[in-house]
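*Asks:* following is a predicted model, sequence given first.
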Amino acid sequence: YLTTLTHTPDQTDFSLHSSHEVDPVTVEIIRNAFNAIADEMDANLVRSAFSPVIYEMKDCSVALYNEHGDLLGQAPGLPIFLGALDEAVKVIKDRFSKDGLNDGDVYALNDSYLSGSHLGDVNVISPIIHNEELVGFAANKAHWRDIGGKDPGTSTDTTEIYQEGIRLGPIRLYASGKPVEDIMDILARNSRMPSTIMGDMGAQIAACRTGERRYRELIRRFGLRTIRAAIARIFSQAEKADLRALSDIPEGEYLAEGYLDNDAYIIDEPVKVRVKVTVRASRVEIDLTGSSPQRPGCTNCGFAQTISAARLAYKFLINPHQSPNGGHFRALTVRAPVKSIFAAEEPAACMFYGPALGLMIELVLKALSQVLPERVPAGQPADQMNFQMAGWLTNGKMFHTGEASAVGWGASYGADGENATVNYMAGDLLNLPAEVEEAKYPLRVTRRGLAVDSGGAGKFRGG
């Protein structure tokens, strides 16, 4: 427990990669093309998914990367997924580069200790090959309704990861365009809802194929040399913008700590989260030393997800209106003790990984509210308390459904808080419409509304 994991971004000098001149208009066209490609990937994923959790609730995120695993563009989705998706791409790249990343390959990964979140969140990633050269990756992460485990869908009383479902290290789903049938068989046999997860996996692969096709079209239009020069310019601009924003924050160490009530009731005692934010020389370090060791319950997570949450807290305060790319977050270092709730190792359970991360984000904001009072809102619930239901249809098949409840956000400087919105981490996650719930499942929704006067009193009220 005395050792600490540290994530320090690569400090590549982007100017070394931008000797080719590219005009500002072309840079802007390419910058927006990257995000447009991600938007189309997301649309195809949502449109072709089998599960309402994806096509209605949008429990997914998609992104486009260069050949080094640096973010080029992303679609709106779950913010808590996107930083961890970066780490998943790098895991796949490191694992399969020596064997060869081939055109038509598709890979998957869900190991909580490698990709961060619980096993139901499955990363699907494909390499983008142009003229036999690796030029990037198309990637997405989506929630599969049932991936095995001791209970249908989700369990919150697990004490080790082996109870939570099938655990996938980096695996190949497709080899040179053809499905790896034995892997497909393993996945289907380990789910209570095989047709659903296989359909959702197909939608994720379709999203990757969309990204591959559109990125190659962009390269053919502008040329790979121009694309790479534009990427270097985009990344450099992002880094400089972050450094300018950070120069407004007084140097110093800022501390905050808080507690979860318990670790999902396995041991009914508080779970400590401690945050130290150090700002020095236009650099930020978020250090979680002093937070609870990994717990017997399932409120643990892998370090990749902690990096993602730290980036989210950082982005709320540093250029929040700029779409992130590989040039952002280069000033951010994240530290967490090994075998803590933020850097769990085997056999720690990770199913209910969100609450500690939500509290950590709140504490980063609280710590910096001392020097950025106009940018930091009042607190919100760190967890929106998802609810889930499972049972059997009249044809004997199992159903599983659930959704994220909406919460009220804290008031901001000079404005009321948002009403009935999912928490920071979930971003664009939506409620499951009552019409869909009642049409697909043997359920009846009797009422949905705001709790009267739940926003509190004050000149500026909470949501």
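*Replies:* That came in fine, so what should we check first?
*Asks:* for Leu114, what is the enclosing helix or strand?
*Replies:* Using DSSP states H and E, the element containing Leu114 is helix 112-115.
*Asks:* avg pLDDT for that helix?
*Replies:* Helix 112-115 carries an average pLDDT of 94.
*Asks:* who touches the residue nearest the centre of the chain in this structure?
*Replies:* Nearest to the geometric centre of the chain sits Phe81, at 0.6 Å (Cα atoms, centre = their mean). By Cβ atoms under 8 Å, 6 or more residues apart in numbering, Phe81 lies in contact with Cys60, Ser61, Ser117, Asp121, Lys141, Ser308. All C-beta spots, glycine's among them, are computed from the backbone N, C-alpha and C.
*Asks:* in the stretch 301-450 of the chain, where is pLDDT below threshold?
*Replies:* Low-confidence segments of the stretch 301-450 of the chain (pLDDT under 70): 382, 384.
*Asks:* could you do the stretch 101-250 of the chain as well?
*Replies:* Across the stretch 101-250 of the chain, nothing is flagged by pLDDT under 70.
*Asks:* quick one, helices of it?
*Replies:* Here the stretch 101-250 of the chain has its helices, by DSSP state H, counting those that start in this stretch, at 112-115, 181-189, 194-222, 224-246.
*Asks:* quick one: closest of those helices to Gly396.
*Replies:* Shortest distance between Gly396 and the helices of the stretch 101-250 of the chain, using Cβ to Cβ, is found for helix 194-222: 13.8 Å.
*Asks:* same for the closest one, what does it pack against?
*Replies:* When contacts are defined as 3 or more Cβ pairs under 8 Å, 6 or more residues apart in numbering; DSSP states H and E, helix 194-222 sits against helix 24-48, strand 60-66, strand 106-109, strand 121-130, strand 133-143, strand 171-175, helix 181-189, helix 224-246.
*Asks:* now, of the ones you listed, which is deepest in the fold?
*Replies:* Mean neighbour count (mean count of other Cβ atoms under 10 Å) peaks for strand 60-66 among the helices and strands packed on helix 194-222, with a mean of 28.
*Asks:* which SS class is Met385?
*Replies:* Classification of Met385 using DSSP: H, G, I helix; E, B strand; the rest coil returns coil.
*Asks:* is it correct that it is in contact with Glu403?
*Replies:* No: in this structure Met385 lies outside contact range of Glu403 using Cβ atoms under 8 Å: 10.6 Å.
*Asks:* these two: who's more crowded?
*Replies:* Neighbour totals were compared for Met385 and Glu403, and Glu403 leads with 22 against 11 (other Cβ atoms under 10 Å).
*Asks:* what bridges to that one?
*Replies:* Beta-bridge partners of Glu403, counted by DSSP bridges, are Phe387.
*Asks:* residue contacts, it?
*Replies:* The contact partners of Glu403, taken as Cβ under 8 Å, 6+ apart, are Met57, Asn386, Phe387, Asn431, Leu432.
*Asks:* closest one of those residues to Tyr314?
*Replies:* Of all these, Asn386 has the smallest distance to Tyr314: 25.3 Å, by Cβ to Cβ.
*Asks:* against Arg444, how distant is Asn325?
*Replies:* Relative to Arg444, Asn325 is positioned 45 Å away (Cβ to Cβ, to the nearest Å).
*Asks:* looking only at neighbour counts, state which of the two leads.
*Replies:* For Asn325 versus Arg444, neighbours defined as other Cβ under 10 Å are more numerous around Asn325 (25 against 8).
*Asks:* could I get the helices of the stretch 101-250 of the chain as JSON lines with distance to Gly463?
*Replies:* Shown next, in JSON lines, are those (distance: least, Cβ to Cβ, whole Å):
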{"stretch": "helix 112-115", "distance to Gly463": "31"}
{"stretch": "helix 181-189", "distance to Gly463": "40"}
{"stretch": "helix 194-222", "distance to Gly463": "32"}
{"stretch": "helix 224-246", "distance to Gly463": "27"}
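*Asks:* tell me which of the ones you listed lies nearest to Ser126.
*Replies:* Among the helices of the stretch 101-250 of the chain, the nearest to Ser126 by Cβ to Cβ is helix 194-222 (3.9 Å).
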